[in-house]
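J.: coordinates only, no sequence provided:
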C-alpha cells in the first residue's frame, strides 16, 4: 500500500536555529512530492513541490526540500526559523498516472523565543 | 479571488441527523476532493471526482456520499451522523485535464468543523 511517513510528530526548536522535518514515502513508481503548511484554524497551503528536474526544491518563506529517490525521502529544511513558522507541516505524495494525493500524519513545529 | 469555498465553517449535529457540506471552486479545476482531518492522523481521502458526473471512493468513504453535477460544486453528504464523524473536513481542487492524471497539487478550502453529539 502507498504510504507517507513523517518521522517526527512534534519538533520544538529555538528561534533562528535550523530545522529539518523528515518525510519518507513508499513507492515503486515515479512520484510527485509536496510539503504543505497549516496555520491554526486555517486550510493547508502549498509550501513547495517536486515534479521533476532538480532534486533540490525551494519554496516559500525560505523553506527548501531535497528529493532522494534511493532513500525515498523528501526532507524539509530551513536554515533559520522564525516564531511565525510555528505551524503543522504535512508531507504528501501523488503517484504519476494517478489522481489521488496521500498525506503523512503531520509534524507540529514549535518555534520558541 | 475566492478559490475554494466551504460552508458551513462550523456545525453541531445530533446522532442520526444528516447534513450536506458545500464546496465550490471558481478556478475551473477538473479534480475535486474531500478529506477529513483528525488529530495526529493527517488527512484521509473520503471521495474524489475527476470531472462532472464522475466520482470515486477514497480511503474512508463509509457514511458519506458525494455528487458532481457541475465543474464548480462538489457537495459531501453525511447520512445518519455518528460520533466517529466528528472531524474537520477539507475540500480541495486540483487543475488538470479531465480523465488524465493530475500532478496532485491541491488548493484547499478553509475547512468545516463538524461535531456529532
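T.: It's in. Given the structure is predicted, the values throughout are model-derived calculations rather than measurements.
J.: where exactly do the strands run in the chain?
T.: Here I'm looking at chain A. Assigned by DSSP state E, chain A shows strands spanning A:4-6, A:10-14, A:19-21, A:23-25, A:31-38, A:44-50, A:56-58, A:64-68, A:73-78, A:87-95, A:101-103, A:107-112.
J.: I was after chain B.
T.: With DSSP E as the criterion, chain B has strands at B:4-7, B:10-13, B:19-25, B:31-38, B:42-51, B:54-57, B:64-66, B:76-78, B:87-94, B:107-108, B:112-116.
J.: okay, these in a markdown table with distance to chain A next?
T.: All C-beta spots, glycine's among them, are computed from the backbone N, C-alpha and C. Rendered in a markdown table, the data for the strands of chain B read as follows (distance: least, C-beta to the nearest C-beta, whole Å):
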| stretch | distance to chain A |
| --- | --- |
| strand B:4-7 | 8 |
| strand B:10-13 | 11 |
| strand B:19-25 | 12 |
| strand B:31-38 | 6 |
| strand B:42-51 | 4 |
| strand B:54-57 | 8 |
| strand B:64-66 | 14 |
| strand B:76-78 | 15 |
| strand B:87-94 | 6 |
| strand B:107-108 | 4 |
| strand B:112-116 | 9 |
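J.: could you list the low-pLDDT ranges of chain B?
T.: Judged by pLDDT under 70, chain B has its weakly predicted residues at B:1, B:96-102.
J.: centroid-nearest residue for it?
T.: Closest residue to the average C-alpha location of chain B: residue B:34 at 2.5 Å, with C-alpha atoms, centre = their mean.
J.: from residue B:21, how far off is the nearest residue to that one once chain neighbours are set aside?
T.: When the adjacent residues along the chain are set aside, residue B:34 lies closest to residue B:46, with 4.4 Å between them (C-beta to C-beta, 6 or more residues apart in numbering or on different chains). Residue B:46 sits at a distance of 10 Å from residue B:21 (criterion: C-beta to C-beta, to the nearest Å).
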